[in-house]
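Trainee: Need the 3D shape of this:
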Amino acid sequence: MRSAYLKMTVASLLFGSYLVASKLILREVPIFTATFVRLASACLFLGVYVVLKRPGRVRPGRRDSVMLGLQALLGVFLFSVFAMYGVKFTGAIEAGVILGMVPVSISLVAMIFLGESISFRRRLGIALAVLGALSVNVLSSESGAGSSGSNVALGSFLLVSAVVCEAIFVTFGKFLARPIPPAALSLILSAAGALMFAVPAVLEYDWSMLAEVSWQSWALMIYTGIAINGVAVVLIYDAMDTVDTTVAAAFTALTPVSGAVLSVALLGEKFHPYHLGGMTLAAIGVFVVSTEPAGNKKRLARGQREVRASEPNDSLVCR
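Mentor: Next up is the predicted model:
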């Protein structure tokens, strides 16, 4: 169990660094090109790892292929677009607080798509997390921190959209009829995402100018590919084999904390008291939701088993 906690801690801290790295990368490289390079780096890293690990042949059936396509579209493509444009228009600290709402938003998505009821405890947690995120961004706009007011509002909207995409991404993963090994799953989604970004990247940027991009930006693009899509995602998926989803969700409260510390250290952003207040409220909201009794989780698992039992068993073969 301690090993799983360590994995989730490392993964959450790495996720926090993604926002800061993106802010630095976007100073030189546009969004679609930077994301394509990130995903291509992840594919190379994960491809070598999977070949060495030899997890067996993975053959998704039609139903699971649809789920994987939706995960790639929402959790890789749209999430990356919304998150990177969002962090471009706001400060990395504000972005970290909003994206720290991902585990709470999963409850809302589960209610909409899985018919799961939301208890008073979850409503309280959601309210606290939303209040924390909104307080940071409203006060940031009023104080002039980060970008100008209209950009902060637009960036906040895009980041909230990224949160919704990520929540749907995680929830829809529960519909897979059979689990895919973590590294293989991340490789599949990274490859699908890279294909989605390929054409926009070609149209967006004169690739002959990549030679003029600093080595620091190249290093950060490769780092985000390996550290985020490679290491962090695999650690989270691996840890969730031994702990409940809500326990893993609680650890993601470390993401905005990591992002805030790195933003101050690397971007020179100023840390204000309302940042601490917003992060505290968001973390409390996540804690309240994540420590809910397991009754709803059992009903959700039972519903998933009923859905899977009604489907033909052609979805996945791992040998």
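Trainee: Need the contact partners of the host helix or strand of K88.
Mentor: Assigned by DSSP states H and E, K88 belongs to helix 79-89. Helix 79-89 is contacted from outside by 18-19, 22-23, 26, 31-32, 34-35, 95, 98-99, 147, 151-152, 154-159, 161-162, 165-166, 169, 193, 197, using Cβ atoms under 8 Å, 6 or more residues apart in numbering. All C-beta spots, glycine's among them, are computed from the backbone N, C-alpha and C.
Trainee: and if you look at stretch 254-270?
Mentor: 9, 12-17, 19-20, 23-24, 91-93, 95-97, 99-100, 145-146, 271, 275, 279, 282-283.
Trainee: Buried among those? Need that as a selection in PyMOL.
Mentor: With 16 or more other Cβ atoms under 10 Å as the criterion, this PyMOL line picks the buried residues out of the contacts of stretch 254-270:
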select buried, resi 12+13+14+15+16+17+19+20+23+24+91+92+93+95+96+97+99+100+145+146+275+279+282+283
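Trainee: if we can go back for a sec, just list what the very next helix or strand once past the helix holding K88 packs against, helices and strands only.
Mentor: Downstream of helix 79-89, the first helix or strand assigned by DSSP H and E is helix 92-99. Helix 92-99 makes packing contacts with helix 2-25, helix 79-89, helix 120-143, helix 149-172, helix 254-262, helix 273-290 when contacts are defined by 3 or more Cβ pairs under 8 Å, 6 or more residues apart in numbering; DSSP states H and E.
Trainee: T224 is nearest to which of these?
Mentor: helix 2-25 (5.1 Å; Cβ to Cβ).
Trainee: That closest one versus helix 149-172: what angle between them?
Mentor: Orientation of helix 2-25 against helix 149-172 (axes from the mean of the first three to the mean of the last three Cα atoms, to 10 degrees) gives an angle of 150 degrees.
Trainee: From the chain's centroid, how far away is helix 2-25?
Mentor: Between the centre of helix 2-25 and the centre of its host chain there is 10 Å, according to Cα atoms, centre = their mean, to the nearest Å.
Trainee: start at 37 instead
Mentor: Will do, 37 is the new start, and the previous item becomes helix 38-61.
Trainee: quick check: angle from that helix to helix 290-298?
Mentor: 50 degrees.
Trainee: how about helix 38-61 as PDB, C-alpha atoms only?
Mentor: Extracted C-alpha coordinates of helix 38-61, given in PDB (Å, rounded to 0.1, in the frame of the first residue of the first chain):
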ATOM      1  CA  ARG A  38       2.800   2.400   0.800                       C
ATOM      2  CA  SER A  39       4.200   1.700  -2.700                       C
ATOM      3  CA  ALA A  40       0.900   2.800  -4.200                       C
ATOM      4  CA  TYR A  41       0.800   6.000  -2.100                       C
ATOM      5  CA  LEU A  42       4.400   6.800  -3.200                       C
ATOM      6  CA  LYS A  43       3.500   6.300  -6.900                       C
ATOM      7  CA  MET A  44       0.400   8.600  -6.600                       C
ATOM      8  CA  THR A  45       2.400  11.200  -4.800                       C
ATOM      9  CA  VAL A  46       5.200  11.300  -7.500                       C
ATOM     10  CA  ALA A  47       2.600  11.300 -10.300                       C
ATOM     11  CA  SER A  48       0.600  14.200  -8.700                       C
ATOM     12  CA  LEU A  49       3.800  16.300  -8.300                       C
ATOM     13  CA  LEU A  50       4.700  15.600 -11.900                       C
ATOM     14  CA  PHE A  51       1.300  16.700 -13.100                       C
ATOM     15  CA  GLY A  52       1.800  20.000 -11.300                       C
ATOM     16  CA  SER A  53       5.000  20.600 -13.300                       C
ATOM     17  CA  TYR A  54       3.100  20.200 -16.600                       C
ATOM     18  CA  LEU A  55       1.500  23.600 -16.200                       C
ATOM     19  CA  VAL A  56       4.700  25.400 -15.500                       C
ATOM     20  CA  ALA A  57       6.500  23.600 -18.300                       C
ATOM     21  CA  SER A  58       3.700  24.500 -20.700                       C
ATOM     22  CA  LYS A  59       3.900  28.100 -19.800                       C
ATOM     23  CA  LEU A  60       7.600  28.100 -20.600                       C
ATOM     24  CA  ILE A  61       7.300  26.100 -23.800                       C
END
